[in-house]
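> Okay, structure incoming, though there's no sequence with it:
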């Protein structure tokens, strides 16, 4: 005896179990991806740079030098000099790109400060590998449209530290027309000057044939051999917090023997990075035992940390200043080199 027949219309196709699991997995992945994208977008908004708060511009230290423009300029100076047609002037904003897109000095061009580093160097932040000298910083300036006749004023949103490094890099490749805007955008706004969210047209690359200045830097081997030389003064620019960093337990803590601590944040008046007066800077350096007639070597965690102290020493009348561009990150990673706890 046979059972009831089944018609084609009564057959209900069913997905195999493996297909159902695959569909469920794909759906979960899609939902997780959308959630991650939403969280990432929220996180980006939460971590976006804060609005630059205006500060009252303070008197600019005497920043004249033998050649080129002053090392530090005021908002008023920048406003006046931009109207001088016979002498081109470029403003470089080294801030976070999101801060730049929101507001900047009108006509300022954005540049990313890390582009001034040698990507092949052993230590983060170095401007150059030991030998041969690369053309990295020079090519960066060329791509920005900077040539020996271009006057450049730089500012950032990190207490003038990146702007000072930018000016040091310019001097490093033989360009003496770089200056830091004292207090950056905060002081510009505090002077009642307008801001813009429009990017200017890109400048055409220039022909830039300048010579790198090797005496402005010192390598690890040379520094190690000179530590006992009484004519040399080594200055540590790190803050107490920076001195305790181990870079994920990859380096030792401590300092280069006989180095003198002068944290970079002692050199500025406020969060905008406005520099102290020449008299105050000279008093800080003299109190720490520095002398203008002795060679000074400056180091930080990385080479990029040294610009502000280099600038302040120049303002205070110190002539021979060299940057240990490999920085504490390299010194502390080499167990054969001495350290002081």
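Perfect, thanks for sending it. What you see is a predicted model, and the numbers here were worked out from it, not measured in a lab.
> Name the SS class of residue 162, please.
With DSSP: H, G, I helix; E, B strand; the rest coil as the basis, residue 162 sits in helix.
> If you could redo that for residue 207, that was the one I meant.
coil.
> Same check on residue 291?
Following three-state DSSP, the label given to residue 291 is coil.
> do residue 77 as well
Under three-state DSSP, residue 77 falls in the helix class.
> And for it, the neighbour number?
18 (other CB atoms under 10 Å). From N, CA and C alone the C-beta is placed, and that goes for glycine too.
> just residue 205 next, same as before
Using other CB under 10 Å, residue 205 has 14 other residues around it.
> thinking residue 282 is in contact with residue 313, fair?
No: in this structure residue 282 lies outside contact range of residue 313 using CB atoms under 8 Å: 9.9 Å.
> the more surrounded of these two?
More crowded of residue 282 and residue 313, by other CB under 10 Å: residue 313, with 23 against 19.
> Isn't that one up against residue 297?
No: using CB under 8 Å as the test, residue 313 is too far from residue 297 to be in contact (10.8 Å).
> who touches both of those two?
residue 321 (CB atoms under 8 Å, 6 or more residues apart in numbering).
> after the lowest-mean-pLDDT helix or strand in the chain, next one along is what?
Sorting the helices and strands of the chain by mean pLDDT, DSSP states H and E puts helix 17-47 at the bottom, at a mean of 45. Helices and strands here follow DSSP states H and E; after helix 17-47, the next one along the chain is strand 72-73.
> and that following strand, what does it pack onto?
Judged by 3 or more CB pairs under 8 Å, 6 or more residues apart in numbering; DSSP states H and E, strand 72-73 is in contact with strand 178-181.
> Adjacent strands (with direction) for the strand it packs on?
Applying DSSP bridges to the sheet, strand 178-181 is found paired with strand 72-73 (parallel), strand 151-155 (parallel).
> Quickly compare the ones you listed and say which is most buried.
Mean neighbour count (mean count of other CB atoms under 10 Å) peaks for strand 151-155 among the strands paired with strand 178-181, with a mean of 25.
> if we can go back for a sec, including mean pLDDT and distance to residue 138, could the strands paired with strand 178-181 go into a markdown table?
Output for those, formatted as a markdown table (pLDDT from 0 to 100; distance: least, CB to CB, whole Å):
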| stretch | mean pLDDT | distance to residue 138 |
| --- | --- | --- |
| strand 72-73 | 96 | 24 |
| strand 151-155 | 96 | 14 |
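> To residue 226, which of those lies closest?
strand 72-73 (30.2 Å; CB to CB).
> what's the closest one in contact with?
60, 61, 63, 81, 153, 179, 180, 181, 182, 275, 311, 315.
> Can you give me the end-to-end span of stretch 259-278?
End-to-end distance of stretch 259-278: 23 Å, with CA to CA, to the nearest Å as the criterion.
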